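Engineer: coords please:
(one chain, ligands or ions: 1)
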Amino acid sequence: MTFRQHVTITTGLLLLVSFFWKNYLGLLLFWLGGIFIDVDHYLDYVKETGDTRISLRRLEDYFYNLKEQKFYCVFHSYELIVLLLFINIFYLKHDYLYGLLAGLAMHIILDALFNPVKIQCYLFLYRLKHAFVFSEFLQQKAGIQYLPTSNGLSED
Ligand SMILES: [Zn+2]
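Structural biologist: Numbering: from 1, shown residues only. Below you'll find the model as predicted:
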């Protein structure tokens, strides 16, 4: 999903959730987690290209045209959410952190549903097993084959 789609959906859900959950720090963290989890894409981009200039246009061109070689994206990991959930349940016990975890989980679920990758690629251990090679995670949907090309997605 694009950054703008995440902003739109996360903001919409924030407004909906705010009707019955009045934890304002939790709501803020839900919104921040639901959107800015994508900062790990930027880290992957810098690691691969060496380009440290922040530009949404450059990042979107890189990721939406499937130019990445490795998919680390450490924050896009189901394991991280489960780990943080247990830490919060047994140690930290802050209600507002459930907002952050819900935002992170919602973001990953949306990415898993709408990005052209296998659903299990959001398991960090699965990515590790495949040495983070991005082409291993691409999904072939009916009639459309997602392959890295110079100008975007190819259709077969
Ligand atoms: Zn994402």
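Engineer: for L110, what are its contacts?
Structural biologist: 1, 5-6, 9 (CB atoms under 8 Å, 6 or more residues apart in numbering). Backbone N, C-alpha and C define where each C-beta goes, glycine included.
Engineer: what do you get for F3?
Structural biologist: F3 touches 35, 38, 56, 60, counting by CB under 8 Å, 6+ apart.
Engineer: Give me the phi and psi for it.
Structural biologist: Here is the backbone geometry of F3 (degrees, to the nearest 10): phi -60, psi -40.
Engineer: same deal with the one 4 residues further on?
Structural biologist: Geometry field for V7 lists phi and psi as phi -60, psi -50, criterion degrees, to the nearest 10.
Engineer: The helix or strand hosting L29 - what's its average pLDDT?
Structural biologist: Per DSSP states H and E: L29 is located in helix 24-36. Mean per-residue pLDDT for helix 24-36: 97.
Engineer: Please enumerate residues in contact with that helix?
Structural biologist: 3, 6-7, 9-11, 13-14, 17-18, 21, 95-104, 106-107.
Engineer: is it up against the ion anywhere?
Structural biologist: No: counting by CB under 5 Å from the ion, no contacts exist between helix 24-36 and the ion, the nearest distance being 9.1 Å.
Engineer: For that helix, buried residues please.
Structural biologist: 26-27, 29-31, 33-36 (16 or more other CB atoms under 10 Å).
Engineer: cool, and stretch 40-58?
Structural biologist: For stretch 40-58, burial by neighbour count (16+ other CB under 10 Å) applies to 40-42, 44-45.
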